[in-house]
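>>> Make a model of this:
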Amino acid sequence: MADPIEQFEIHPIKGLDFGEVVLPVVGKVHLAVTNSHVAMTIAFALVVLFLTLVTSNARVVPGRLQAAGEQLFGMINGVTDSIIGHEGRKYFPFVFTLFSLILAMNLLGMFLTFTATSQLAVTITFAALTILLVIGIGFAKHGLKFFGLFWPTAAPLVLRPVVGAIEFLSFLLRPVTLALRLFGNMLGGHVALKIFAGFVVTLGASAFAADGMGLFALPIAGLSMAMVVALTALEFLVAFLQAFVFAVLASIYLNDVVNLGHGH
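Model prediction:
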């Protein structure tokens with residue numbers, strides 16, 4: 001059975017490995033176009049193509065493609081509006097971009113041999129962009145009052161330093177949990193799929209070995225095949241849900257600083 005972790009290895013594309021180069025400021029790096037770059041570029045191109053097709057010939061009575069695009073648009077708009085409030089529309093483009101790219105990478109991983117969101121570096125980048133935006137908005141809107149986020153006035157005075165420290169730690173850990181949740185779900189799901197698919201091939205091949213004695217492996221191979229089908233359907237659902245959960249949590253994160261003072 002093939003190594004289930006092999007599908008997550010990053011490899012340079014043949015002919016696009018430029019070796020060691022020296023870049024300004026950065027210094028010496030190994031420059032290459034990898035399967036990760038290709039997967040992310042294809043996902044980006046598919047998102048742009050989909051949104052272009054949805055908006056290019058918009059009609060009052062939408063077709064299937066336009067209806068699908070409007071459903072996704074309305075869903076994320078509803079998330080930002082309900083969580084952030086009347087200012088949610090300002091941050092909708094950021095949240096929708098996160099959702100679209102993550103969803104595209106997740107779904108593309110079901111068809112390609114590489115899933116970009118199964119790489120911690122990719123999910124950490126999404127999480128880092130989120131926390132940097134949150135901090136930027138916090139200081140831009142509130143200045144030094146941004147630190148009021150970590151001083152819960154509702155708590156008794158003697159407990160405020162302790163609760164504030166917990167709030168600050170929680171604030172710093174949120175992007176970590178954002179990154180790990182997406183990474184872990186995509187990694188685990190694809191590993192499980194690979195393992196059961198390997199069982200199907202291995203047991204199916206052994207069914208015709210050893211003078212027919214291996215036929216006893218056929219029922220187990222059939223069960224493994226059923227698991228592959230079930231897990232594939234579940235992975236498509238997880239691919240959507242993880243993109244949606246990331247969008248929801250990013251909106252909650254933004255709400256903390258946009259509406260600072262209303263809930264603290």
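
>>> May I have the phi/psi pair for Leu16?
The phi and psi values for Leu16, taken as degrees, to the nearest 10, are phi -120, psi 20.

>>> repeat for the one 5 residues further on
Dihedral angles of Val21 (phi, psi; degrees, to the nearest 10) stand at phi -130, psi 160.

>>> what does the one 3 residues further on give?
Its backbone dihedrals place Pro24 at phi -60, psi 140, with angles given as degrees, to the nearest 10.

>>> Near it, how many residues? Count them for me, please.
The criterion is other CB atoms under 10 Å. On that basis, Pro24 has 5 neighbouring residues. C-beta: built from backbone N, CA, C; applies to glycine.

>>> distance of it from Ala32?
Taking CB to CB, to the nearest Å as the measure, Pro24 and Ala32 are separated by 19 Å.

>>> Can you verify my assumption that Glu70 contacts Pro62?
Yes. Judged on CB atoms under 8 Å, Glu70 makes contact with Pro62 at a distance of 6.1 Å.

>>> got any residues that touch both of the two?
When CB atoms under 8 Å, 6 or more residues apart in numbering defines a contact, no residue borders Glu70 and Pro62 alike.

>>> mind listing the helices for this protein?
Secondary structure of the chain (DSSP state H): helices at 35-56, 64-84, 88-108, 120-142, 160-206, 218-258.

>>> possible to save these as TSV with distance to Phe8?
Converted to TSV, those look like this (distance: least, CB to CB, whole Å):
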stretch	distance to Phe8
helix 35-56	10
helix 64-84	28
helix 88-108	13
helix 120-142	10
helix 160-206	7
helix 218-258	15
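
>>> Using JSON lines, lay out those helices together with distance to His11, mean neighbour count and mean pLDDT.
Formatted as JSON lines, the helices of the chain follow (distance: least, CB to CB, whole Å; neighbours: other CB atoms under 10 Å; pLDDT from 0 to 100):
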{"stretch": "helix 35-56", "distance to His11": "5", "mean neighbour count": "15", "mean pLDDT": "90"}
{"stretch": "helix 64-84", "distance to His11": "32", "mean neighbour count": "16", "mean pLDDT": "90"}
{"stretch": "helix 88-108", "distance to His11": "17", "mean neighbour count": "20", "mean pLDDT": "93"}
{"stretch": "helix 120-142", "distance to His11": "15", "mean neighbour count": "17", "mean pLDDT": "91"}
{"stretch": "helix 160-206", "distance to His11": "17", "mean neighbour count": "17", "mean pLDDT": "83"}
{"stretch": "helix 218-258", "distance to His11": "23", "mean neighbour count": "18", "mean pLDDT": "86"}
